[in-house]
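> model this:
(one chain, ligands or ions: 1)
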Amino acid sequence: MKNHSDARQIRIGTRGSALALAQATEVQNRLAAIYGDEVKFERVVIKTTGDKILDKALSLVGGKGLFTKELEEALFADQIDIAVHSMKDVQAFLPDGLEIACNLPREDVRDAFISMKAKSLADMPEGAVIGTASVRREAFIKNKRPDLKTVLFRGNVQSRLKKLEDGVADATLLASAGLNRLGLSDRITQHIPVEDMLPAPAQGAIGIEIRSNDQVTRELIMALHDEATGYAIDAERAFLSELDGSCRTPIAALARYDGHGRVSFKGAILTPDGARIYETTREGSANDAAAMGKDAAQELYARGGKDVFPPAA
Ligand SMILES: NCc1[nH]cc(CCC(=O)O)c1CC(=O)O
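Numbering: from 1, shown residues only. Okay, here's the model as predicted:
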């Protein structure tokens with residue numbers, strides 16, 4: 001056992017970006033609201049590979065676990081007790097010995113369109129340039145507006161907004177959730193309806209990762225778990241893991257819990273050029289959320305896998 005004074009201490013592992021810190025603060029505030037002085041906090045800021053590589057598309061760097069690997073190593077090394085993640089950045093398969101123990105209530109799931117030149121994606125002048133690093137967003141953009149050009153936009157939310165101000169692109173797309181959490185909601189030009197652009201699996205959700213054998217921490221943080229978010233994430237992540245997509249695969253999914261035991265699910269895969277979208281829906285018991293996502297993935301893989309997934313090298 002660790003030898004901290006009377007109060008139980010939770011070491012919160014987080015990346016150093018403004019968004020990551022805001023999410024870690026949200027977790028800490030929620031825990032403090034429940035446990036008061038019984039729990040003390042220490043924040044441990046950890047730089048991940050994804051924070052260091054800013055000049056390449058993540059899809060070219062290798063993809064999985066770029067924003068989580070170093071945090072997971074710190075969990076294994078007992079340097080932190082919890083790792084706070086954007087669930088969107090958490091790889092489909094976690095290493096043995098670690099698990100996502102809870103999900104906070106989900107933020108806005110939609111993608112946000114941000115521009116000083118147009119009121120909406122549809123309103124963009126012909127040939128205009130959109131900055132994005134997401135193959136999913138790029139494929140949807142090309143599907144709707146084949147005339148638009150895309151440029152690679154990486155870096156944290158602030159640096160992308162700065163690039164926009166500097167005129168590197170005419171518009172960009174970011175998760176509404178991140179902007180809201182950073183107090184930057186006023187920068188959003190248009191919330192893109194999910195019917196037009198299905199979000200990334202788990203977009204807008206925060207998850208807390210722990211060591212599977214750390215029963216004490218699990219019991220403390222379970223109080224933060226949001227059931228509705230958990231069911232939705234179960235379905236969306238089962239969809240993602242069944243497709244075993246990389247960051248090179250445009251994959252989208254959104255599930256909703258109705259508050260009464262039922263989950264509805266929509267999933268899509270797209271060809272990177274946006275020419276084809278394969279989508280499907282499911283509806284069923286929340287207890288079957290993961291099976292629903294998996295089943296939807298199998299259907300779409302059978303229908304569109306050949307087009308969407310690049311042939312093995
Ligand atoms: N891959 C980067 C990333 N991971 C999570 C978010 C936003 C917050 C969220 O979706 O929960 C972002 C930035 C973005 O997509 O705009």
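> please report phi then psi for Ile188.
phi -80, psi 120 (degrees, to the nearest 10).
> what is the neighbour count of it?
18 (other C-beta atoms under 10 Å). In short, each C-beta sits where N, CA and C put it, glycine included.
> so Met116 makes contact with Leu164?
Yes - Met116 is in contact with Leu164 according to C-beta atoms under 8 Å; the separation is 7.3 Å.
> which one of the two has more residues nearby?
Each of Met116 and Leu164 has its neighbours counted (other C-beta under 10 Å); Leu164 has more, 22 against 11.
> how is this protein carved up into domains?
1-104+205-225, 111-191, 226-308 (automatic domain parsing).
> any weak-confidence spans in this structure?
1-6, 53-64, 245-247, 312-313 (pLDDT under 70).
> now do the helices in it.
Assigned by DSSP state H, the chain shows helices spanning 18-35, 49-52, 58-61, 69-76, 135-144, 157-165, 176-181, 215-221, 227-243, 289-308.
> got a list of what the one residue in the stretch 1-150 of the chain that gets nearest to the ligand touches?
Nearest residue of the stretch 1-150 of the chain to the ligand: Ser86, at 3.5 Å (C-beta to the nearest ligand atom). The contact partners of Ser86, by C-beta atoms under 8 Å, 6 or more residues apart in numbering, come to Leu19, Ala20, Gln23, Phe67, Gly178, Ala202, Ala205, Ile206, Gly207.
> can you put those in JSON lines and add distance to the ligand and neighbour count?
Formatted as JSON lines, the contacts of Ser86 follow (distance: C-beta to the nearest ligand atom, whole Å; neighbours: other C-beta atoms under 10 Å):
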{"residue": "Leu19", "distance to the ligand": "6", "neighbour count": "20"}
{"residue": "Ala20", "distance to the ligand": "9", "neighbour count": "25"}
{"residue": "Gln23", "distance to the ligand": "8", "neighbour count": "26"}
{"residue": "Phe67", "distance to the ligand": "7", "neighbour count": "21"}
{"residue": "Gly178", "distance to the ligand": "3", "neighbour count": "24"}
{"residue": "Ala202", "distance to the ligand": "7", "neighbour count": "27"}
{"residue": "Ala205", "distance to the ligand": "6", "neighbour count": "26"}
{"residue": "Ile206", "distance to the ligand": "7", "neighbour count": "27"}
{"residue": "Gly207", "distance to the ligand": "10", "neighbour count": "25"}
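> now these in a markdown table, with distance to Gly97?
Formatted as a markdown table, these follow (distance: C-beta to C-beta, whole Å):
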| residue | distance to Gly97 |
| --- | --- |
| Leu19 | 27 |
| Ala20 | 23 |
| Gln23 | 23 |
| Phe67 | 19 |
| Gly178 | 29 |
| Ala202 | 21 |
| Ala205 | 22 |
| Ile206 | 21 |
| Gly207 | 16 |
